[in-house]
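Asker: compute the structure for the input listed below.
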Amino acid sequence: MKSLKHLDSQENHDQRRLDSKLTAYLASAGFVGAAIASTDANAAVVSSGPLNVQFGPANGGPGHIDLDMDIDSDGELEFQLRHRDNSIGEDYLELDKSPDENTRYPDNNVDGDNENTAYIVDTLGDYPQSLAKGVLGGTSFSPPAGLQYEDWQDTTNYQGGGTTRLANRLIDYDSGVDAANWNPPPSSPGFFTGQEGVPQYVGFQIDFDDAGPFHYGWIGVVITDDATASGELIGYAYDDVPLTPVLMGFHIPEPATMGLVALGGVTIASSWLGRKIWRK
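Answerer: Below is the predicted model:
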């Protein structure tokens, strides 16, 4: 059993790493001066994703669309967000990590496939878990208690048991023509229905080009209509330093948007600094 002294030391270590990460985010956007930035706060959460790309008929957008995600902007796909409607008008939304369970997206750069692509899921059905903005993902901080990283999607050998499971579904209303696979993600807090208009995030990990340790990141969506699985892809990002935890929904903006972000950051910085002083 770990001693209380050890646990306290680990907690302080984790807090220092989190403080370092938050300081890096705030300092990068001009929220706080460089003087308070930690010397090891050198990670950058890079946002390369599109903003506010609509999907689903409730938004007037297409009901049959693939939204490609090239997380590190190297010309190779890592994920696809796919909205589908079937022949009798039922809609669903899924997150693919490859064209099928056993094939990776093409290695366009001939530098190795993107391996071990996985996202944070629940432990009952391995469906992508809805995380709130600010939740930590990656390494020792996360996934949050009771969750795990997993890479199942549309497979006929779920968990090696020979059964079919559409485990990559965020929203599934596909029962009319897909009864054999009908085991939809729960409609409850922590999943993607029942939270219309609220930003939700999927945490992911990836070994880029099978070349080293994991990078961690997030994919953000807002569901605007549960019944038709309609919504918006609000962006995605990853930390360019391997094995570095990320905060869902946070990234370092492009220089052109830095000023706009800074305008809204004064309150955030003040609140954060206040908590730092209070803790001391």
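
Asker: could you list the buried residues of stretch 229-240?
Answerer: 229-240 (16 or more other Cβ atoms under 10 Å). The C-beta positions use only the backbone N, C-alpha and C, and glycine is treated the same way.

Asker: next one: phi and psi at P199?
Answerer: phi -60, psi 130 (degrees, to the nearest 10).

Asker: oh sorry, the question was meant for D226
Answerer: As for D226, its main-chain torsions (degrees, to the nearest 10) stand at phi -60, psi -40.

Asker: with adjacent residues omitted, what lies nearest to it?
Answerer: Closest residue to D226 apart from its sequence neighbours, by Cβ to Cβ, 6 or more residues apart in numbering: T193 at 4.6 Å.

Asker: for the one you found, give its distance to V221.
Answerer: Computed with Cβ to Cβ, to the nearest Å, the distance linking T193 and V221 is 12 Å.

Asker: P57: neighbouring residues, count only.
Answerer: Burial of P57 is recorded as 18 neighbouring residues (other Cβ atoms under 10 Å).

Asker: what's the answer for P245, then?
Answerer: 19.

Asker: correct me if wrong: it contacts L136.
Answerer: Yes: contact status for P245 versus L136: in contact at 5.2 Å, counting by Cβ atoms under 8 Å.

Asker: what about P242, neighbour count?
Answerer: Going by other Cβ under 10 Å, the residues that sit close to P242 add up to 16.

Asker: can you confirm it is in a strand?
Answerer: No: the secondary structure assignment for P242 gives coil rather than a strand, going by DSSP: H, G, I helix; E, B strand; the rest coil.

Asker: nearest spatial neighbour of it, skipping sequence neighbours?
Answerer: The shortest distance from P242 to any residue that is not its chain neighbour, by Cβ to Cβ, 6+ apart, is 4.2 Å, and that residue is P213.

Asker: sorry, back to before: of T193 and V221, which one has the most company?
Answerer: V221 (27 against 20).

Asker: so the more buried one bridges to which residues?
Answerer: According to DSSP bridges, the partner residues bridging V221 are Q200, L233.

Asker: look up how far T244 lies from it.
Answerer: 23 Å.

Asker: now do the domain split for the protein, please.
Answerer: Dividing the chain into domains by automatic domain parsing, as the record does, gives the ranges 1-43+254-280, 45-251.

Asker: tell me how many other residues crowd N183.
Answerer: Residues contacting N183 under the criterion other Cβ under 10 Å number 16.

Asker: can you tell me the helix or strand for it?
Answerer: Assigning secondary structure by DSSP states H and E places N183 outside every helix and strand.

Asker: hang on, it packs against G125?
Answerer: Yes: counting by Cβ under 8 Å, N183 does reach G125; the two are 6.7 Å apart.

Asker: any residues in contact with both of these two?
Answerer: Jointly contacting N183 and G125 under the rule Cβ atoms under 8 Å, 6 or more residues apart in numbering are R165.

Asker: now for D239: which residues touch it?
Answerer: Counting by Cβ under 8 Å, 6+ apart, D239 touches 43-46, 138, 215-217, 245-246.

Asker: which strand residues bridge it?
Answerer: Bridge pairing for D239 - DSSP bridges - gives V45.

Asker: pull up the gap between it and I171, please.
Answerer: Here the criterion is Cβ to Cβ. By it, D239 lies 28 Å from I171.

Asker: what does S188 give?
Answerer: Using Cβ to Cβ, we find S188 at a distance of 13 Å from I171.

Asker: so those two - more neighbours on which side?
Answerer: Applying other Cβ under 10 Å to S188 and I171 shows that I171 carries more neighbours, namely 26 against 11.
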